[in-house]
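> Next comes the sequence, and after it the predicted model I'd like to discuss.
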Amino acid sequence: MIDEADGLHYLQPWVIGVQDEIERLTTRVEEAEQVIKEVPILSKQIESLEEQVKILSGQVDALSLKVADLEMVCFD
């Protein structure tokens, strides 16, 4: 296989393997970079969901008390 850069030099098989590995690693680094960029967004979403869970938990507690009161009225 001839090197595309100058058209004169033959590439050794190990050089092709190294080039392929560099391309593969470059792709993995780019994918990891994307994940790292999304972490702050996901953290904000998690915080928002945690706050919603707290609110809903309070509502469930309040409803449980109301159900208990209704059960006492209905079954007493």
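Great, that's in hand. Bear in mind the structure is a predicted one, so any value in this text is a computation, not a measurement. Numbers count the residues shown, from 1 in each chain.

> where exactly do the helices run in the chain?
Counting by DSSP state H, the segments of the chain that form helices are 13-75.

> Pass me the low-pLDDT residue ranges in it, would you?
1-11, 76 (pLDDT under 70).

> what about 90?
Filtered on pLDDT under 90, the chain yields the residue ranges 1-19, 68-76.

> residues of stretch 41-50 that come out buried?
By 16 or more other C-beta atoms under 10 Å, stretch 41-50 has no buried positions at all. All C-beta atoms are positioned from the backbone trio N, CA, C, and that covers glycine.

> Can I get it in CSV? Just the C-alpha atoms.
Only the C-alpha atoms of stretch 41-50 are listed here, as CSV (Å, rounded to 0.1, in the frame of the first residue of the first chain):
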residue,chain,number,x,y,z
ILE,A,41,-27.3,19.2,32.0
LEU,A,42,-28.0,15.8,33.4
SER,A,43,-27.1,17.0,36.9
LYS,A,44,-29.6,19.9,36.7
GLN,A,45,-32.3,17.4,35.5
ILE,A,46,-31.5,15.1,38.4
GLU,A,47,-31.8,18.1,40.9
SER,A,48,-35.1,19.1,39.3
LEU,A,49,-36.4,15.5,39.6
GLU,A,50,-35.3,15.2,43.2
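
> That stretch: how far from the chain's middle?
12 Å (C-alpha atoms, centre = their mean, to the nearest Å).

> now swap in stretch 43-58 and tell me
That offset, for stretch 43-58, works out to 18 Å (C-alpha atoms, centre = their mean).

> cool, and stretch 26-42?
Taking mean C-alpha positions (C-alpha atoms, centre = their mean), stretch 26-42 and its chain are 9 Å apart.

> Renumber starting at 56 from here on
OK, 56 is where the count begins now, so the last one is stretch 81-97.

> and Lys109, how many neighbours?
10 (other C-beta atoms under 10 Å).

> for Val70, same thing?
Neighbour tally, Val70, other C-beta under 10 Å: 13.
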